[in-house]
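Novice: Okay, here's the prediction I keep looking at, along with the sequence it came from:
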Amino acid sequence: MKNKKTILASIIPLLILFGCNSETKENSEVINSFKAQAEFLVAKMTPYEQMNMLVGPGYAMQPDYSFGTNYDALTNIKNDVPGTVGYINGVYNEKTGLDIAAVKLADGAAGVRIDPIREGDSNTYYGTAFPVSTLLASTWNPDLLKNVGKAIANEVKEYGLDFWLAPGLNIQRNPLNGRNFEYFSEDPLISGIMASAEVIGAQSQGIGTTIKHFVANNAETSRNIVNNVISPRALREIYMRGFEYAVDNAHPWAVMTAMNQVNGHFTGQWADLNTKVLRNEWGFDGLVMSDWWSGDGNYPEMIQSGNDLIESGGVALAYRYGEVDARQQLENAYEAGELSAETIKTSAIRVLTQALKTPSNQNYVFSNAPDMDAHAQLSRVVASEGVVLLKNNDNTLPIASSTAIASFGINQVNTLKGGYGSGDVHSAYTVNIIDGLNAQFNIDSDLKAFYENFFSTNKTETDFNGLSTIIECEEPPLSTSEIDTYITNNDIAVISIGRYSMQGHDRTNTTGDYQLSNEERTLIDNVATAAHAQGKKVIVVLNVAGIIEMHSWQDNVDAVVLAYMPGQEAGNVVADILSGQVNPSGKLTQTIPVAYTDFPNATNFPGVDTDSNGSIDTHYYNEGIYVGYRYFSTFGKPVSYPFGHGLSYTKFEYDSPLVISNTLNTQQSLGKVTFSVNVTNTGEVAGKEVAQLYISAPSGDLEKPAIELKAFAKTALLAPGETQKLDFGVSAKWLSSFDTDNDQWVIEPGQYKAYISKSSDVNGVYPVTFTVSSEIVTAQATAGVLALPNDLIPADFETSFQ
Ligand code: BGC
């Protein structure tokens, strides 16, 4: 028998694959070349071989996983990696000489998720736990995210994997979504910019990324079946816009459709989404894969809709709808003439075009030795740049290293690096908050020992579907006199509050979740009373998956640090902020309202049980386009902290905001408006500032939010007295709004105001203006797509806030 390599070399000279290491203009040539190779190779495959590439082999790699163990053979795997969460089947055929390696997919989003320990192997395969996406976004620093993308990709590649199933681009529509930590923001622009940065960074290393979950996976309740009813305008302006931005700017190799339905269609089975908009309107040229076990089991429809790859494949798919072998179903449909050879081929070419680019098909020899020390350092730097200083009365922070700290709260020991579920990274360690503080301050060691002992005796560990180990521990009881003594013995109090959340479960607006638990409330009250009676200050550190209620207790404390879930260096990150080693420059990418019930979708989330069968099946997105700050700013609703807010240990002044140029009237849809502002550090220490540009549109035919984020920029580290000019650009495309009646993106005429502001609270900010002389149509959309079900109109379910 001829050796496989010789056969391959003799019949496919084209298979001299290019390194795909740069995002240069060669990119499209490289892609075209991979496409040509894919076309050439697919032409040699039987329709059955092609179909085999369109369905993953199943989820057999964790055989005890409760969804089932049935799976099909995995074709042509080379160097399998334990913990791989899915595959694209390869092809091996001695007759035709085809030898395409199976492709390995790894979960994210805070790093790479594979099994860290292998039987009979003393080496370890940990991933670096980077901060969760919300914290990454709070840096407002895309350059840093590019580096995170590169580092994660380095781990993907050096551990022998090919694709990273991240970043997640869903909108934080409501704070109770159990997976919000995997997402960036309530705003599509910052989501799109941050996702693009990660994608560009990661793909520059020659691995694929998968932006997910397309679209509107904004709650975990009934995630496999729920039908989200969303107006086409809200879909396009809010829920799809970040995806569009990433497709436009970063060219991800893959898009993952969502579990849920939108307007009566499973997203992975809806041609409106996967073909008419994603490919035809946006020009996406990668592959579309389904989320694991999603849809109602109509797999031919999935392929026909433009969802090229069915994951995880196998027989246990669509478990809610009965066990169906996805590949068998495709074959049946093909043989019955219901799924055409052409459709199969088109998807196979799309899948193969991407598969050929992967390390597995480039014969990359991986090292199993990514640079974990450098990545740990990066994780710490990035996380500390994202931490948001919400409140800092009378310069409570920073504190000197000699400060004696009484550190309270079980979370200082049970510190959360990230959220649970498929986004959980198996890191080698997590530095907890007390150890981080101990390394930089003078910590009360008795109190530290008290918490550590209580934790080791009382913690519980629960396995979560083999995905995560959930560690919980109640707050230990501390009497007021014990608290008083600890306060007396120290200079300042720190209280750490933790909140986890996870895939498959939404949070609730209850005590111990969105609200403080009674024990936490008592702890904060007692510590604050004791400390203030002695003229000492109290700092609260929030190590949370998402925001919690703050209005009822924050006046009792002097400073609040929102650390979200900072990754494996958590404790060091918190200490870096408290000590001022790092001057905070993170800003909120979500609004913190006064009360949960202030959210315009609070009464609606997570949907309704329309057929009274005991489970939620329909979710009306009743607030339309008024998501997050778009709602609070338009309807003058007071908030605890506005979107974009974040304090620093120094002060910044903005001056000379200017419109530099406006080519909208001359260049129409190709035009843009540019702005600048001078930012000066007027305080005492070096710091970075994020300036945000919000546009307020003139009134026209379309209803508009009072303000919308259209650009932002972050300064370098400015020394006291230093000034930096920041530039902003807003293109016609990203300025426009969606006119459903005419299926168009338009910029309406009139005078636009631009607020260059420290946050979305633009009160007192003097706007600069520019004028659009007549309506500009920036893009024509496909007529009638993404329509609401059964002739519903938004007025039937959207709330009128007027
Ligand atoms: C999640 C995806 C994930 C996939 C594989 C699904 O349950 O929704 O985000 O990539 O599982 O773990």
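Specialist: Structure received.
Novice: what does the stretch 201-350 of the chain have sitting close to the ligand?
Specialist: For the stretch 201-350 of the chain, the residues in contact with the ligand (Cβ under 6 Å from any ligand atom) are Lys212, Asp291, Trp292. Just so you know, the C-beta spots here come from the backbone N, C-alpha and C atoms, and that holds for glycine as well.
Novice: Give me the subset of these lying in strands.
Specialist: Among those, DSSP state E puts Lys212 in strands.
Novice: Tell me which helix or strand Glu244 sits in.
Specialist: helix 241-250 (DSSP states H and E).
Novice: Assign a three-state SS to Gly644, would you?
Specialist: coil (DSSP: H, G, I helix; E, B strand; the rest coil).
Novice: what's the neighbour count on it?
Specialist: 26 (other Cβ atoms under 10 Å).
Novice: OK, contacts around it?
Specialist: By Cβ atoms under 8 Å, 6 or more residues apart in numbering, the contact set of Gly644 is Lys587, Leu588, Thr589, Tyr629, Val690, Gln692, Leu709, Ser757, Lys758, Ser759, Ser760, Asp761.
Novice: Could you check how far the residue most central in space within the chain is from Pro232?
Specialist: The chain has Tyr183 as the residue nearest its centroid, 2.6 Å off, counting by Cα atoms, centre = their mean. For Tyr183, the distance to Pro232 (Cβ to Cβ, to the nearest Å) stands at 22 Å.
Novice: what's the answer for Glu472, then?
Specialist: From Glu472 to Pro232 the distance is 43 Å (Cβ to Cβ).
Novice: who has more neighbours, these two?
Specialist: Pro232 (20 against 13).
Novice: ok now the helix or strand encompassing Leu447, how far from the chain's centre?
Specialist: For Leu447, the host element (DSSP H and E) is helix 445-458. What separates the centre of helix 445-458 from the centre of its chain is 34 Å, taken as Cα atoms, centre = their mean, to the nearest Å.
Novice: who does the next helix or strand after it touch, helix- and strand-wise?
Specialist: Sequence-wise, the next helix or strand downstream of helix 445-458 (DSSP H and E) is strand 460-464. Packing partners of strand 460-464 (3 or more Cβ pairs under 8 Å, 6 or more residues apart in numbering; DSSP states H and E): strand 468-472.
Novice: could you give the angle of the strand it packs on to helix 445-458?
Specialist: Using axes from the mean of the first three to the mean of the last three Cα atoms, to 10 degrees, the direction of strand 468-472 lies 120 degrees away from that of helix 445-458.
Novice: close to the ligand, is strand 468-472?
Specialist: No. Strand 468-472 lies out of reach of the ligand by Cβ under 6 Å from any ligand atom, never closer than 11.6 Å.
Novice: Give me the buried positions along the helix or strand following that strand.
Specialist: Proceeding N to C from strand 468-472, the next assigned helix or strand is helix 480-489, under DSSP H and E. By neighbour count on 16 or more other Cβ atoms under 10 Å, the buried set for helix 480-489 is Ile483, Asp484, Thr485, Tyr486, Ile487.
Novice: Who is the nearest residue to the fourth one once chain neighbours are set aside paired with across the strands?
Specialist: Counting by Cβ to Cβ, 6 or more residues apart in numbering, Tyr486 lies nearest to Ala406, which is 4.2 Å off, once chain neighbours are set aside. Listed beta-bridge partners, Ala406: Ala493 (assigned using DSSP bridges).
Novice: tally of neighbours for Ala406?
Specialist: Neighbourhood size, Ala406 [other Cβ under 10 Å]: 26.
Novice: how far away is it from Gly683?
Specialist: The gap separating Ala406 from Gly683 is 29 Å, by Cβ to Cβ.
Novice: Also Asn601?
Specialist: On the measure of Cβ to Cβ, Asn601 and Gly683 end up 39 Å apart.
Novice: Look at those two and report which has more neighbours.
Specialist: Neighbour comparison, Asn601 and Gly683: the larger count goes to Asn601, with 22 against 17 (by other Cβ under 10 Å).
Novice: Return the distance of that one relative to the ligand.
Specialist: Using Cβ to the nearest ligand atom, to the nearest Å, one obtains 21 Å as the distance from Asn601 to the ligand.
Novice: give me the element that residue is part of.
Specialist: Using DSSP H and E, Asn601 is not contained in any helix or strand.
Novice: check contacts around the residue nearest to the centre of the chain.
Specialist: Tyr183 sits next to Ser133, Thr134, Gly168, Leu169, Asn170, Ile171, Gln172, Asn177, Ser191 when contact means Cβ under 8 Å, 6+ apart.
Novice: Kindly report the same for Glu281.
Specialist: Ala779, Ala781, Thr782.
Novice: Reformat these as a markdown table; add secondary structure and pLDDT.
Specialist: Putting those into a markdown table (DSSP: H, G, I helix; E, B strand; the rest coil; pLDDT from 0 to 100) gives the following:
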| residue | secondary structure | pLDDT |
| --- | --- | --- |
| Ala779 | strand | 98 |
| Ala781 | coil | 98 |
| Thr782 | coil | 98 |
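Novice: Just the buried subset of those residues, please.
Specialist: Among the contacts of Glu281, those classed as buried by neighbour count (16+ other Cβ under 10 Å) are Ala781.
Novice: Looking at the contacts of Glu281, which is nearest Ala336?
Specialist: Using Cβ to Cβ, Thr782 comes nearest to Ala336 of the contacts of Glu281, at 29.7 Å.
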